[in-house]
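Chemist: Generate coordinates for the sequence data below:
(4 chains)
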Amino acid sequence: MKLLVANRGEIALRIFRACRDLGIETVAVFSDADRAAPHVTIADYAVRLGPAPATESYLSIPRILEATKKTGATLIHPGYGFLAENAAFARACADAGLTFVGPSPDAIEAMGTKTSSRVLMEKAGVPVVPGTTRAARDAAELADFGRTAGYPILLKASAGGGGKGMRRVERSDDVAGAFARASAEAAASFGDGAIYAEKLLDRPRHVEVQIAADRLGHRIAVGERECSIQRRHQKVVEECPSGAVGEEVRAGLYAAALAAAEVVGYDSCGTVEFLLAEDGSFYFLEMNTRLQVEHPVTEEVWGVDLVSEMIRAALGEPLSFGPDQLVPRGHAIECRVYAEDPTRGFSPSPGVVERLRLPEGPGVRNDVGIETGSTVSIDYDPMLGKLVVSGRDRAQAIARLARALEEYEIVGVETTLPLFRKLVADEDFRSGRFHTQWLDGWLASHGLAERAATQEEAVFAAISRTVDGTGPYFVPGSAGPPTRWRHAARLEGLRSTRPTVGAPRR
Amino acid sequence: MKLLVANRGEIALRIFRACRDLGIETVAVFSDADRAAPHVTIADYAVRLGPAPATESYLSIPRILEATKKTGATLIHPGYGFLAENAAFARACADAGLTFVGPSPDAIEAMGTKTSSRVLMEKAGVPVVPGTTRAARDAAELADFGRTAGYPILLKASAGGGGKGMRRVERSDDVAGAFARASAEAAASFGDGAIYAEKLLDRPRHVEVQIAADRLGHRIAVGERECSIQRRHQKVVEECPSGAVGEEVRAGLYAAALAAAEVVGYDSCGTVEFLLAEDGSFYFLEMNTRLQVEHPVTEEVWGVDLVSEMIRAALGEPLSFGPDQLVPRGHAIECRVYAEDPTRGFSPSPGVVERLRLPEGPGVRNDVGIETGSTVSIDYDPMLGKLVVSGRDRAQAIARLARALEEYEIVGVETTLPLFRKLVADEDFRSGRFHTQWLDGWLASHGLAERAATQEEAVFAAISRTVDGTGPYFVPGSAGPPTRWRHAARLEGLRSTRPTVGAPRR
Amino acid sequence: MKARRRFHREVEGSDPQEILVEIRDAARAWVKTSDGEVHADFSRLPDGRTSVILPSGRQLAGRIAPRPGGRAETWVGAHRLAIRLSDPLRELAGEGAVGSAAAEIRARIPGRVVEVRVSAGHLVSPGTTLLVLEAMKMQNEIQAESEARVVAVECVAGQAVDTGAILVRLEPRPAE
Amino acid sequence: MKARRRFHREVEGSDPQEILVEIRDAARAWVKTSDGEVHADFSRLPDGRTSVILPSGRQLAGRIAPRPGGRAETWVGAHRLAIRLSDPLRELAGEGAVGSAAAEIRARIPGRVVEVRVSAGHLVSPGTTLLVLEAMKMQNEIQAESEARVVAVECVAGQAVDTGAILVRLEPRPAE
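Modeler: The predicted structure follows:
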């Protein structure tokens, strides 16, 4: 049996690992930008889709279906992003006789449009955030809602996710501009510019419930995740369990999540997201009908393999655990390591990973899609991988996270690692006092610039540069004010692909 | 606070990680062979001990104590091997005002000589294997025991461990030769050539109980480990829990282990080893008064950090869990990755690690002491590291082990990885049907030679060699049609140990 | 990047198989074997390995690791494979024949000879211990691998030996 | 391995601090700063980093990573640090003046000369492209680093060159 992953990066590797555990052969697809990527070179089979742009590769349904024919793959897993929540893709797979590892196309469709899913949830008795229930025709309609519900409000893309097409609006004057920008962004990201509005809750938490289900009618809530550490509505750090959820609220969240899954006959792994207000009330946000980026924190705490369960379920097998067999233990935290420069507004930082050293040891799990020498392309989401740590309790998990971050080296591209090193030392983070708007405020008031070298480190640097200068490695001149001739040497070093080319022997 | 690890390799890294989790600064010591080793380059402080031979470095008590003075370290952890079970060292540390992370010198001493510990255990009512109760004066004394107890018997080093100084003897004619070799080996390894004899049980299992204790009187049995997969009495694969132990036997083992620890007032982490006969009866083997190589399988299943607990206990703090707070979950397996050639009688394989690629992903933990480029010296135990996998049950742990082994690449030195790849597919191993002599028999009847390349792999090899021959990595020179002298250049490239060295200058 | 090479794959008990490779451009190779011709896609990986994709979609990543004595290890994934690819053109160019009649037992690691159990003239069988070598704190029994006669012992007990040092010379003899 | 360098550490709001380094042998460096003199132990690590042990026992491992525009990143452990070290001596002398009178431009990796842009007698300035070398599928422009005169061109277009091969010989000339 062969399974094709219609995706790239760390999630393709994650799914391949589950395949190996289940004795299923692996099929990678790739664009020209990814020929040498780890997800290709670890796979049993690999098929080129097309040029780098996603529309010609990872989003091309005909080319992906062609790749299953070529290799004889009968299973297809979409990962997250790309075609993961595209009902047409799920249908096309079924039409081609393939087993789609995910829920039914109908379930994807029902949850795919945020406005219609909100209507569904209201009918099922699941609380939703006050908001408009259909795509706005114009800005005036949104301004009407703002007047009624009161500002601030949040504009969101009906087809959306991941913070794209999302805008916070503080007053009616800003509605028109925000609507235009959000709609344009949504159109670019999802091919659908539809926008609706929600009341913006004050300092809410983002808490979500993991659902595991099979095609035999079993459906289990496998704990919740705390995902409130967000930057502009994009998750940055996730945890399991949530420190903000007591037993009563937890039971309510599970019930609501199971009700939501029930409505659409959900029969795979998926996630129901909620906003949790400070008073313990919660509101349905959306259901992600796919594997979630942050699924590993649930796996670590609950001792399950969600990807294996998803594949088993797609093959018609039952979940390998009953609702009372699972006991959560300890605490897990995930950091999303992005090739973004946190000192420059998190702008993407493509380039070559000159050096990669992963943290290892107790409580450390690495899900990464790069290796030393990998090229980080501008064509795709700049996530390099995820650092997942677990411990007996949150304090131990945080201690191990701090330790792992001190071992984690990525040189060559800017990453979000410096952000995590500061966060892990922050008192509010350590004591769990945060909400979905907390990080944006924190970033505005905390610098992430490099630490100045100590005197000992300066001595190290001077020795290291002297050793390099006499050894086999190229070091361009000093960091002092450039002079004419030294500048040329630098240029020369730079133009060569490797630091050791062409510089004259000294 | 600073902690010095009087050890090297993976265990030094393991202990340093626990220190980081606890906010303690780390001090490495090293011999000239290890100046560039990972345990040195990850430490906050590092002190040279002396030349490569252990007697002049890792076994030199005065130099190690000097290193604590130089750096201001107040804590000292011996790891395993070297000085870990040397009561004189523990005493010297106490005399120097240092906190020794381990049990009292008296406990080490009481358990350090196998013959005297057997006497102690008999008094405490813990069953021991029939054997001599003091070091043999000569071979005749051992032959006497053989005559009385019946062959086969096992010669063991009184000061021993790790299979060194151990010899199986089948008949009286072989006693003298085996005694001489075992005694020489014991003298070389432990500085003590004393040898005693035990009756050899038929097809026993090696099962051991992990003890965690503190200086406030708490003492807990943290599960058992199954360590029956041994090669010539050296552990090769360890698991937690043991599939051979039912609830009743488990309770008996825990009680015996706690009784053994009680006798010597044990107040740190340690391990009580037993032989388990097929009928469920068990016999005390020895107590290891130190951190055990295979402690990670217990950590994974029981959700504890034994090294942190050990350090906390040494500082006078209580264990961070009570006897009823720990619940085991799932199954963990450890493989000891050695630089030994399993196709050549496991002869040591020193050299340079040209390439190291560690497995990653769910259920995988790496504790390794090498990195790409590391030199594996002949001066020390050739263990490179440990692969630890865990899963929901033994079947999932085995599936993940097989997956991890397929990702694990070590090129440059021979390793035991090929053995594990075969073992993990073996029916007896998979169904848990093994005992301490099982692997020796298995090795005698199973080849570990390389698999012959398939036709597809032959095509790969031919392409790869052609690409290498014309590319920039392997053989310098142009990519034009081959001429005789250029062939010579390629041959030359092949002969050199590094791809770019040694080609004739043109 | 263009290149063309002809290999002989040596398979025990049958004639060598010819494998012809032509690198057509930076990513495509043409390969002819006794099974026919195929076009394969290849890519150099940043870590020095090569990835090859065959027409079936089969992907293999690995490397050729050069070794002393003109040997090379073939690694595919995490596996080192048994394969002998010779290059007849090269052999014409002058590579010497490997292998000789008399077997030499050499030290594979540095160590110290603890004990020598045989002397010249001894007949030995597979498993006969020739000598004991102490290295990495272990006593290693060096054993004969086939029926042989000891031609000469080239070391003495107590001697420190280096990698590659000849310890014992054997000459094959037929099993009785 | 012997070398001596003098750095100025630039610290905002105060005078630069001088750091003098002498590499005494393969493992020892002498360093003089405003705080005094120290002997430090250093070792090149297999991955290209350097480990330094200061007299206090303090161990630092990291590397200097060259960057566009003549900058270099200083990494210690997993941290990139803010530090500015300039080298006044080099600025006075110019790169070409270090060592011998005539500079030899050599290939640092094997490759193929694609194009030669200068010939003997040419006067070149910093940045003048001397030749183009193709290596690892990239076209690398090899440029002059200082004001110089071409003494000899030692390669031709199309030629395969090996590591260390002399490509062009230059002789320094004063900047105008």
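Chemist: what's the first-to-last distance across stretch A:400-418?
Modeler: By Cα to Cα, to the nearest Å, the extent of stretch A:400-418 from end to end equals 16 Å.
Chemist: and that stretch with chain C, contact?
Modeler: No - taking Cβ under 8 Å from any Cβ of the partner chain as the criterion, stretch A:400-418 and chain C are apart, separated by no less than 11.1 Å. To be clear about C-beta, it is placed using only N, CA and C from the backbone, and glycine gets the same treatment.
Chemist: Residue C:106 reaches residue C:164, doesn't it?
Modeler: Yes - here residue C:106 lies in contact with residue C:164, judged by Cβ atoms under 8 Å, at a distance of 5.5 Å.
Chemist: Who has more neighbours out of these two?
Modeler: residue C:106 (15 against 12; other Cβ atoms under 10 Å in any protein chain shown).
Chemist: tell me the contacts of that one?
Modeler: Neighbour list for residue C:106: C:164-167 [criterion: Cβ atoms under 8 Å, 6 or more residues apart in numbering or on different chains].
Chemist: And for residue A:311?
Modeler: Residue A:311 neighbours (Cβ under 8 Å, 6+ apart): A:3, A:18-19, A:22, A:24, A:75, A:77, A:101.
Chemist: check which helix or strand covers it.
Modeler: helix A:306-314 (DSSP states H and E).
Chemist: The longest strand seen in chain A vs helix A:306-314, what angle?
Modeler: Scanning chain A for the longest strand, with DSSP state E as the assignment, gives strand A:219-231. If you take axes from the mean of the first three to the mean of the last three Cα atoms, to 10 degrees, strand A:219-231 sits at 140 degrees to helix A:306-314.
Chemist: what's the model's confidence in strand A:219-231, averaged?
Modeler: For strand A:219-231, the mean per-residue pLDDT is 98.
Chemist: Which elements pack onto that strand?
Modeler: Strand A:219-231 sits against strand A:205-213, strand A:234-240, helix A:247-263, helix A:295-302, helix A:438-445, with contacts defined as 3 or more Cβ pairs under 8 Å, 6 or more residues apart in numbering or on different chains; DSSP states H and E.
Chemist: any idea of the mean pLDDT in the helix holding residue A:311?
Modeler: 98.
Chemist: cool, stretch A:50-70 as well?
Modeler: Per-residue scores along stretch A:50-70 average to 97.
Chemist: now stretch A:238-246
Modeler: Rounded mean pLDDT across stretch A:238-246 is 97.
Chemist: Could you list the low-confidence segments of chain C?
Modeler: C:1-2, C:69-70, C:88-102, C:136-138, C:145, C:174-176 (pLDDT under 70).
Chemist: Kindly recompute the last result at 90.
Modeler: Where chain C drops to pLDDT under 90, the residues are C:1-6, C:8, C:10-16, C:24-26, C:46-48, C:65-72, C:84-176.
Chemist: Quickly list what the residue nearest the centre of it is bridged to.
Modeler: In chain C, the centroid-proximal residue (Cα atoms, centre = their mean) is residue C:71; its distance is 5.8 Å. For residue C:71, the beta-bridge partners under DSSP bridges are residue C:67.
Chemist: How much space separates it from residue A:276?
Modeler: Distance from residue C:71 to residue A:276, counting by Cβ to Cβ, to the nearest Å: 64 Å.
Chemist: I'd like the contacts of residue A:311 as CSV, with pLDDT appended.
Modeler: Below are those laid out as CSV (pLDDT from 0 to 100):
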residue, pLDDT
A:3, 98
A:18, 98
A:19, 98
A:22, 98
A:24, 98
A:75, 98
A:77, 98
A:101, 98
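Chemist: Need the residue in chain C that's farthest from the chain's center.
Modeler: Chain C, Cα atoms, centre = their mean, max distance from centroid: residue C:25 (31.2 Å).
Chemist: Which of the contacts of residue A:311 fall within strands?
Modeler: Those of the contacts of residue A:311 lying in strands (DSSP E): A:3, A:75, A:77.
Chemist: Excluding chain neighbours, what is closest to the second one?
Modeler: Once its chain neighbours are removed from consideration, residue A:75 has its nearest residue in residue A:3; the separation is 3.9 Å (Cβ to Cβ, 6 or more residues apart in numbering or on different chains).
Chemist: give me the number of residues near the one you found?
Modeler: Neighbours of residue A:3 (other Cβ under 10 Å): 25.
Chemist: swap in residue C:35?
Modeler: Other residues close to residue C:35 by other Cβ under 10 Å number 11.
Chemist: all helices of chain C, in order?
Modeler: C:88-92 (DSSP state H).
Chemist: residues contacting the closest residue to chain A within it?
Modeler: Residue nearest to chain A within chain C: residue C:46 (2.3 Å; Cβ to the nearest Cβ). By Cβ under 8 Å, 6+ apart, residue C:46 lies in contact with A:36, A:352, A:371-375.
Chemist: Strands - which of the residues you listed land there?
Modeler: Those of the contacts of residue C:46 lying in strands (DSSP E): A:352, A:375.
Chemist: out of the contacts of residue C:46, which are buried?
Modeler: A:36, A:371-375 (16 or more other Cβ atoms under 10 Å in any protein chain shown).
Chemist: picking up where we left off before, from chain B, how far off is the residue of chain C closest to chain A?
Modeler: 11 Å (Cβ to the nearest Cβ, to the nearest Å).
Chemist: For that residue, give me phi and psi.
Modeler: phi -60, psi -20 (degrees, to the nearest 10).
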